[in-house]
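>>> no sequence on this one, just coordinates:
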């Protein structure tokens, strides 16, 4: 069992039609047919959307995505039209809203991996492959791969796992030409972002993108290169053979699996509320990631 511990009621805004409540984002459509994406402060772990929010998280994700869209503009167009808050929307939407073109979305999570971690590590330990791609012997948790790889996944509903799929299965689903474009763009964007992060003392271990078609051209959508969609590690603490310290919600995961939470992640009960110190430490990590990547002080 998983999903929302407490699913929020969508905010009703004149002129907007509510389309979807996701783990983090609420999606609306305006009268022009554009999408209005609002990043909440919700956080998720172990396929649950938790009852406790992380203050400013949605604004960090939005501001960081916008910064990355600018860094990547020569590689791929993006879907953002404006960041104006729609008339009649709550004041809290400021800084967490993106008005975006409606795209014909590709039903694939485009994952790039430069290091071995997460589900890739699990598969490698079983078969020495990731998404069916053979990798050399001797790699461990956190190892840098010989070269970045494209490892697509199917996009899951709230409460379900994304499922890794082979490149061949991706080509079967979306067509050989689109699959080749997705792989080329994903690895090109990863390479640019990896180099930018490296200049700032961070390792971009892996990340995922979403694309859609606008007038026949693949366009970058949703959030980009945030701590929610990517693994960023401090380069000076990188040590293959163990789990790496991370700029994400690792404090949340660690607390939920500790005796202090008294929660069985394999059971039927939803996870408990987070203690304030875990909330504060997690918020600080998101802000640190933003500041180190962009060079801007959070305000």
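Received the coordinates, thanks. Fair warning: this is a prediction, and the values are worked out from it, not measured in the lab.
>>> Sketch out the low-pLDDT regions of the protein for me.
Within the chain, the ranges that satisfy pLDDT under 70 run 1-2, 156-161.
>>> residue contacts, residue 83?
62, 66, 95, 97-99 (C-beta atoms under 8 Å, 6 or more residues apart in numbering). C-beta coordinates here come from the backbone N, C-alpha and C atoms, glycine included.
>>> Would you check how far apart it and residue 194 are?
Remark: distance between residue 83 and residue 194 (C-beta to C-beta, to the nearest Å) = 27 Å.
>>> backbone phi and psi for residue 176, please?
Backbone geometry at residue 176, expressed as degrees, to the nearest 10, gives phi -60, psi -40.
>>> And residue 28, by the same measure?
Backbone geometry at residue 28, expressed as degrees, to the nearest 10, gives phi -130, psi 170.
>>> I'd guessed it sits against residue 21; true?
No. Between residue 28 and residue 21 there is no contact under C-beta atoms under 8 Å: 10.3 Å.
>>> Show me the strands in the stretch 51-200 of the chain, by range?
Assigned by DSSP state E, counting those that start in this stretch, the strands in the stretch 51-200 of the chain fall at 80-82, 97-100, 104-105, 110-115, 129-130, 133-134, 144-150, 153-154, 163-164.
>>> which other helices and strands contact the second one?
Okay, so that is strand 97-100. Judged by 3 or more C-beta pairs under 8 Å, 6 or more residues apart in numbering; DSSP states H and E, strand 97-100 is in contact with strand 35-39, helix 57-71, strand 80-82.
>>> circling back to that earlier point, can you say which two of the contacts of residue 83 are spatially most distant?
95 and 99 (13.5 Å; C-beta to C-beta).
>>> Am I right that residue 293 falls within a helix?
Yes. Looking at residue 293 with DSSP: H, G, I helix; E, B strand; the rest coil, it is inside a helix.
>>> what's it in contact with, if anything?
64, 67, 196-197, 200, 202, 232 are the contacts of residue 293 under C-beta under 8 Å, 6+ apart.
>>> for stretch 125-143, the distance to its chain's centre please.
When distances are taken as C-alpha atoms, centre = their mean, to the nearest Å, stretch 125-143 is centred 23 Å away from the chain's centroid.
>>> For that stretch, which residues meet the burial criterion?
Neighbour counts over stretch 125-143 (16 or more other C-beta atoms under 10 Å) mark 130-131, 133, 135, 139, 141-143 as buried.
>>> Using the three-state scheme, assign the nearest residue to residue 117 once chain neighbours are set aside.
Distance criterion C-beta to C-beta, 6 or more residues apart in numbering; nearest residue to residue 117, sequence neighbours excluded, is residue 205 at 5.3 Å. When classified by three-state DSSP, residue 205 comes out as strand.
>>> hang on, isn't residue 205 packed against residue 244?
Yes. At 7.3 Å, residue 205 counts as touching residue 244 under the criterion of C-beta under 8 Å.
>>> any common contacting residues for those two?
Listed as contacting both residue 205 and residue 244 by C-beta under 8 Å, 6+ apart are 117, 142, 231, 233.
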